[in-house]
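Participant: Quick check, what structure comes out for this input:
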Amino acid sequence: MNGVPNALEGVRVLDLSQFMAGPVCTVSLAQMGAEVIKIERPVLGEQGRPKGGGQDLAWALVHANKKSITLNLKDDEGKKILAGLIAVSDVLIENYAPGTIERLGFDFERIHAINPRCIFCQIKGYSQYSPYGKFPAMDGPVQCTGTIASQTGLLNSPPVISNVALADDPTGRFALSAVLAALYQREKTGRGQHVRVNMQEVMVSMSRSAFSLPTESRRRGHPMVFAGKKAPRDMFRTRPEREDEENNYIFIMVNDTPGQKAWKTFCNTIGRPDLIDDPRYTDGENRLKNTGTLYPEITAWTMQRTKHEAMRILCENGVIAGAVLTVRDILNSEDMYQSGLLHRLHHPTLGDIVVQGSPYHMSDTYVEPAAAPDLGQHNGEIYGDLLKLEESEMQRLKEKGVI
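Facilitator: Alright, predicted model coming up:
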């Protein structure tokens, strides 16, 4: 409008993302002026696009200002074309299921070899260090495994998840921040880097204040009613792991898929194939009408297992589920320290504490965690070293109350 280039004008982004978290990141880049090229399957489009390759409002909202091309990445010629696009692009972003892009032959090493300046951003449900690293992940279950659900709801009521995309949307925006930082760093190094962001760690990072009271379990908020003709899609009580733990729940989500594949998988996983053809549960709408009889059947299974056991069994068989993990669960998860999200630190006044690192994982960037500064601790460094103020001038400003 005023003749000044947009912030990201001249930046080209290859968008191999789908559903919500990835598209939130890429639409934000597009809104900042980047040329975003969305790469989709021929005829079908990306998995989050409505049937028939069309659009609905939800899809349109996270894909504005983009360009779309169709490309079959399972075909050798398609892979060759993608390699050509990588060679002339600045950023590649993907949030396929774990291992998918690597099986297609495009891990970071390959991308870096094609174009050393290209930034490769991967958005996943869980860290590669996590025991859940290969599990399917969507917004609801990750609100649970990321401690959000354990902090919501009424006292003495089941935990709840928000109908707001609290895992997907913020993860996309965290990825955006990391990509922007990598673009900035490239101006100094001349090379791109590998950026990794996962939904669980973003959720944990949003629970920063709860880490001051890791044993607190009182909930706030209100129970919610899940919209849509999908069931089961709710919290189920599990066998307690500790006497003092009230968050013994798992969130189970069975989508109303064609041929009821997800429902059949779920029933077989919990050892109840007899429920598959029960006329009360033939599809999502019927199951939703009959939760009064269905839920006790599911609870009978979950109550025989802890939330961790139930999640492992369900997810290993392809059922989407998330144990309701608390801050204490996370603090006791060594994978969080291995990934770098959590750090054990000795504070000069607080003693041994656990602090959060960044949920960004950037191959060329690492900042060692340090204790928070005392008031005015760095006045000398900033005013003296950076602004070159004399000691006498700093003293004068201090006496005047300016610093």
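
Participant: Now do the one helix or strand residue 298 maps to, average pLDDT.
Facilitator: Taking DSSP states H and E as the definition, one finds residue 298 inside helix 291-302. Averaged across helix 291-302, pLDDT comes to 97.

Participant: ok, the closest residue in space to residue 391 that isn't next to it in sequence - how many residues close by?
Facilitator: Excluding the flanking residues, the one nearest residue 391 by C-beta to C-beta, 6 or more residues apart in numbering is residue 384, at 7.2 Å. Yep, even glycine has a C-beta here, placed from its N, CA and C like the rest. Taking other C-beta atoms under 10 Å as the criterion, the count of residues near residue 384 is 15.

Participant: Quick check: residue 384 touching residue 392?
Facilitator: No: between residue 384 and residue 392 there is no contact, the gap being 11.3 Å when judged by C-beta atoms under 8 Å.

Participant: Check the burial of the closest residue in space to residue 192 that isn't next to it in sequence by counting its neighbours.
Facilitator: In this structure, residue 192 finds its nearest non-sequential neighbour in residue 119, 4.2 Å apart by C-beta to C-beta, 6+ apart. Residue 119 has 31 neighbours, counted by other C-beta under 10 Å.

Participant: is residue 119 in a bridge, and if so with what?
Facilitator: Beta-bridge partners of residue 119, counted by DSSP bridges, are residue 91.

Participant: Use 43 as the first number for this chain going forward.
Facilitator: Let's use 43 as the start, then, which means that last one is residue 161.

Participant: Quick check, it in contact with residue 128.
Facilitator: No: contact between residue 161 and residue 128 fails when scored by C-beta under 8 Å: they sit 10.9 Å apart.

Participant: Which neighbours do these two have in common?
Facilitator: Listed as contacting both residue 161 and residue 128 by C-beta atoms under 8 Å, 6 or more residues apart in numbering are residue 134.

Participant: Just confirm the residue nearest to residue 433 is within a helix.
Facilitator: Yes: Residue 426 forms part of a helix when assessed by DSSP: H, G, I helix; E, B strand; the rest coil.

Participant: Return the per-residue confidence for it.
Facilitator: On the pLDDT scale, residue 426 gets 88.

Participant: so how far is residue 413 from it?
Facilitator: With distances taken as C-beta to C-beta, to the nearest Å, residue 426 is found 22 Å from residue 413.

Participant: again with residue 88
Facilitator: For residue 88 relative to residue 413 (C-beta to C-beta), the value is 44 Å.

Participant: neighbour count winner among these two?
Facilitator: Counted by other C-beta under 10 Å, residue 88 and residue 413 do not tie: residue 88 has more neighbours, with 21 against 14.

Participant: Please look at the more buried one and residue 60 and confirm they touch.
Facilitator: Yes: under the criterion of C-beta under 8 Å, residue 88 makes contact with residue 60 at 4.2 Å.

Participant: Show the low-confidence segments of this structure, by residue range.
Facilitator: For the chain, residues meeting the criterion pLDDT under 70 lie at 43-44, 255-271, 416.

Participant: what about the strands in it?
Facilitator: Listed in chain order, the strands of the chain (DSSP state E) span 54-58, 77-82, 108-112, 133-136, 161-166, 236-240, 275-279, 291-295, 362-365, 384-389, 393-398, 403-404.

Participant: so the second one versus strand 54-58, what angle?
Facilitator: Per axes from the mean of the first three to the mean of the last three C-alpha atoms, to 10 degrees, the angle that strand 77-82 makes with strand 54-58 is 20 degrees.

Participant: List the neighbouring strands of strand 77-82 plus their orientation.
Facilitator: When DSSP bridges is applied, strand 77-82 pairs with strand 54-58 (parallel), strand 108-112 (parallel).

Participant: which parts of the last one are buried?
Facilitator: I take that to be strand 108-112. residue 108 (16 or more other C-beta atoms under 10 Å).

Participant: How far does that strand sit from its chain's centre?
Facilitator: 24 Å (C-alpha atoms, centre = their mean, to the nearest Å).

Participant: For residue 229, which of the strands of the chain is the nearest?
Facilitator: strand 161-166 (11.9 Å; C-beta to C-beta).
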